[in-house]
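Return atomic coordinates for the entry below.
(2 chains)
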Amino acid sequence: MREASRDRIKAFLTLLPSMILVGVFVYGFIGNTIWTSMTDWGGMGALALDPEKNFVGLANYVELFTGFLGSGFRQDLVNAVYYSLMLLGGAVGLGMFIAILLDRKPRGEDLLRTIFLYPMSLSFIVSGTIWRWLLAPQGGVNVLPTYFGLEPLTFDWLSSRSAILVFNWQDILRILLYGVSLVCILAGVAVLRKNRRKAMRRLASGVAVGLFVWLFGDVVPDAYMMREEHGFNLATLGIIMATIWQYSGYTMALYLAGFNGISQDLRDAAMLDGASAAGYYRHVAIPMLKPITISAVIILSHISLKMFDLIFAMTGPDNAETGHPALNMYLTTFRANEFATGAAIAIVLFLIAATFIVPYLVSQYRERGRR
Amino acid sequence: MKRRAITPGSVLLYATLTLLALFFLMPAYMAAVTALKLPQDISLPTSWEWPATLNWASFSQAIELLKPNFINSLILTVTATIGSTVLGSLNGYVFSKWKFAGSEIVFTLFLFGMFIPYQVILIPLFQTLRAMHLYGGLPGLILAHIVYGLPITSLIFRNFYAQIPTALVESARLDGAGFFSIYLRVVFPLSIPGFVVTSLWQFTQIWNEFLWGICLTRHADNPITVGLAQLAGGQAVSWNLPMAGSIMAAVPVLCIYIFLGRYFIRGLLAGSVKE
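As a prediction, the model looks like this:
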């Protein structure tokens, strides 16, 4: 058995270099960025190789969320939230729709699958360059209707200055509390049939938070000293469309793999029970593929949070209308040399991403343990 | 195959699929026709029309302009793919066949590295490479791609090796084989598909990467994505050149996808679907 224990040591030593690399390059670097975001990066001496950094606590974050100079960042953050939500809805919806169509085994299924998935293999710079040309005003997509005898579109895909769903940043805390209230109520309704007590607790706390903000909203402090409006910039629509084009093939592939994994027996049983095709997907297939939906949501939100290349290629890095925190981080750090602020933006992105990913990885870890 | 009757339902199905296919092919068509037009023939209202005269010169021009970037990307991608795949294979072997106390936690900690927005490690990466005198050139970029490729390559190989029966490893052990000889004699010969899936996945990811390329390399060492972004950036571009450049940057990964699509899709699914 001496041999066996020596083999165990060899196995551990094989893994060790990778463990050290990941430890330093992932966890050490994240820690370092957190520290950097709490310093002033040496103020004037910022360009030196090793500037003398002074601890400033959360000042960089306070500036980003409530300071005068953070206005651009706040709009970028709002853009990223709308962008993520629309990408999730669009790519999951379209991908699922195409997968259901292909699951009916039409002729030429292989060719169609290839066509729907090829954008996924391309670089965002390639697809962004092409889509920028497709979305040029007075050309590309906008002149398509003329081939059907219609008037051309006049929408400025990437340079529109209009915004919808505008809100006042001063109200952000109140809006977030309403969000919490809505989530509680929805979570309560979701378990209403299974667990009455749990449902009632959630509903009550949701209603309580909502009522409190509605009645005593003035107690909640304003997030900013003056009115500042942010909304969904319509110029982002073109970028969302390009991302959906590139990623719905991916969700399609996920769902197709899932549909193929459902046994024919189960499908036949559902059909014998009188389920229509729509009923089969709605009540049997899609609920069974919940883990796939969760994976798709996690991966797509991760992609939309770090989105950099596509926006860079479609509108250039300096377009304020289509800004994104990932681009802002690059400009702040490498163009303006404000490393500490750049680090703070990166940490905000990281924390948002971690709220999705940590629970996902923990649940996968537990699942592996059970098997 | 049984014959299918033409029903309103099937007409609707094929019509929808055709429309969707046209939507997905639209950018490819647009890139091709624009690249083949003479610069003076390119105008917004006629952008969809097939070129009056085919002009292949844009491609030779794009090749000339982007050749250094193309070569950089080739060196970068091949080296980093080999490095991260080999390390990933060894890690996957340990994670699946030589589990030790805490190895599942280590594996989960590895996976986390796959999901972080890379902006969060960009500043220390930049400083570390600068301190190691690797900033600006290809070796630094290769190092970064190998390290941050470890989570996904280890994941794919771990799931791949989980399918190799443990009895096979056990019997080799009874024959007196040790850790490395089991890997070389039993596991490695069975891993060719695993290597294909992982290296194709890494190849496309590294070829397509842009953020590190633009932040960590100087002009002479820019990969193809950065070269293309510079070619297409700026306002007064004549669009035949960026389109030809896009096609050139897309060809290697598209070839992989079209000819080895089966393996590409397996890599795609490996990142999200368990076992």
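
neighbours of the residue nearest to residue B:97 when sequence neighbours are not counted, just the number please.
The shortest distance from residue B:97 to any non-neighbouring residue, by C-beta to C-beta, 6 or more residues apart in numbering or on different chains, is to residue B:169 (5.4 Å). (C-beta placed from N, C-alpha, C; glycine too.) Residue B:169 has 19 neighbours, counted by other C-beta atoms under 10 Å in any protein chain shown.

pLDDT wise, what is the residue lying closest to residue B:252 once chain neighbours are set aside at?
Leaving aside its sequence neighbours, residue B:252 sits nearest to residue B:207 (C-beta to C-beta, 6+ apart; 6.2 Å). As predicted, residue B:207 sits at a pLDDT of 97.

same thing with residue A:73?
On pLDDT, residue A:73 comes in at 93.

The host helix or strand of it and chain B in contact?
Secondary-structure assignment from DSSP states H and E places residue A:73 in helix A:71-102. Yes: Helix A:71-102 lies within reach of chain B by C-beta under 8 Å from any C-beta of the partner chain, at A:98, A:101, A:102.

Which one of those residues sits in the busiest neighbourhood?
Highest neighbour count within those: residue A:98, with 26 neighbours (other C-beta under 10 Å).

pretty sure that residue is touching residue A:252, no?
Yes: here residue A:98 lies in contact with residue A:252, judged by C-beta atoms under 8 Å, at a distance of 4.6 Å.

in the stretch 51-200 of chain A, what residue is nearest chain B?
Residue nearest to chain B within the stretch 51-200 of chain A (C-beta to the nearest C-beta): residue A:139, separated by 3.1 Å.

repeat for the stretch 151-300 of chain A
Nearest residue of the stretch 151-300 of chain A to chain B: residue A:295, at 3.9 Å (C-beta to the nearest C-beta).

Is any residue of the helix or strand residue B:10 falls within near chain A?
Taking DSSP H and E as the definition, one finds residue B:10 inside helix B:8-35. Yes: legend: contact between helix B:8-35 and chain A by C-beta under 8 Å from any C-beta is shown at B:10, B:13-14, B:16-17, B:20-21, B:23-28, B:30-31, B:34.

I'd like to know which of the residues you listed are buried.
Neighbour counting with 16 or more other C-beta atoms under 10 Å in any protein chain shown marks B:17, B:20, B:21, B:24, B:26, B:27, B:28, B:30, B:31, B:34 as buried within the residues of helix B:8-35 next to chain A.

so what's the fifth one up against?
If a contact means C-beta atoms under 8 Å, 6 or more residues apart in numbering or on different chains, then residue B:26 has residue A:134 as its contacts.

and if you look at the third one?
With contacts defined as C-beta under 8 Å, 6+ apart, the neighbours of residue B:21 are A:112, A:115, A:116.

how about the helices in the stretch 1-150 of chain B?
Along the stretch 1-150 of chain B, counting by DSSP state H, counting those that start in this stretch, helices occupy B:8-35, B:57-97, B:103-115, B:119-131, B:138-161.

Rebuild these as TSV, extending it with mean pLDDT.
Formatted as TSV, these follow (pLDDT from 0 to 100):
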stretch	mean pLDDT
helix B:8-35	93
helix B:57-97	95
helix B:103-115	93
helix B:119-131	94
helix B:138-161	95
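
most packed of those helices?
Across the helices of the stretch 1-150 of chain B, averaging neighbours per residue (mean count of other C-beta atoms under 10 Å in any protein chain shown) puts helix B:138-161 on top, at a mean of 24.

now residue 180, nearest residue through space, not along the chain?
With no chain named, the answer covers chain A. The shortest distance from residue A:180 to any non-neighbouring residue, by C-beta to C-beta, 6+ apart, is to residue A:209 (5.7 Å).

Sorry, I should have been clearer: chain B.
Distances taken as C-beta to C-beta, 6+ apart put residue A:10 closest to residue B:180, at 7.0 Å, once the chain neighbours are dropped.
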